[in-house]
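> I would like the atomic coordinates for the input below:
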Amino acid sequence: MLGFAALILAAAIAIPSPSLSSAAPWWEKVTYTISGDGAESCRFESSLAGARTCQEDAGSSPVSGAGGSSGTYTKITIERRFSPGGQPDAVGLQAGDTLLGGRVLALSIDGAGEVQSCKTLVASGDLRPAYGCDDAKAEHFSASAGSPSPQVRQAYMTIIVYGHEEYLA
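Model (predicted):
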């Protein structure tokens, strides 16, 4: 059904994020779309920065050459959700979406915005996201309001991969 999804997971999402907050929830996602005739597109959306077309180099699309049958339309979405404190938000998908894989990370972020510790709590599905603790530790979060403090924030990062396939009339 979604045979080319593994290609997407191997691709790096090279879209710069605005300053990531460690105090408020946020999300961002990249959706790759391919039609049965091979037409491709990519869209980046974020609760922090709105939506825009992905800026991909010619020929670097992770879905290049991954055509389907005529009259089909397939979307693969890689999404990450940040939840400070408490518990991570439940994964809720739209009707027709299929969860392909996911990972939930528990993070400790210091007052300077550095990830001090990271632990994978859950990793599931056949197509697990490539994003993990090493990637989270490379992120920099905005410090608390005012000057950096020694306070450590607990947070969760949920990364999911899901697909949607439609047959056009």
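> can you give me the strands in this structure?
For the chain, strands defined by DSSP state E occupy the ranges 20-21, 26-35, 40-46, 50-53, 72-84, 98-109, 115-125, 141-142, 153-167.
> as TSV, these with mean neighbour count, mean pLDDT and distance to G92 would be great.
Where you see a C-beta, it was placed from the backbone N, CA and C, and this is true even at glycine. TSV is the format used below for the strands of the chain (neighbours: other Cβ atoms under 10 Å; pLDDT from 0 to 100; distance: least, Cβ to Cβ, whole Å):
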stretch	mean neighbour count	mean pLDDT	distance to G92
strand 20-21	17	84	22
strand 26-35	19	88	12
strand 40-46	17	89	16
strand 50-53	10	82	20
strand 72-84	21	88	10
strand 98-109	20	92	10
strand 115-125	14	93	16
strand 141-142	18	86	25
strand 153-167	19	88	10
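> out of the ones you listed, nearest to Y131?
strand 153-167 (4.8 Å; Cβ to Cβ).
> okay, the angle between that closest one and strand 72-84?
170 degrees (axes from the mean of the first three to the mean of the last three Cα atoms, to 10 degrees).
> so what does strand 153-167 touch, helix or strand wise?
helix 5-10, strand 72-84, strand 98-109 (3 or more Cβ pairs under 8 Å, 6 or more residues apart in numbering; DSSP states H and E).
> for L121, which of these is the nearest?
strand 98-109 (4.6 Å).
> can you tell me the strand partners of the closest one and which way each runs?
Sheet pairing of strand 98-109 (DSSP bridges) gives strand 115-125 (antiparallel), strand 153-167 (antiparallel).
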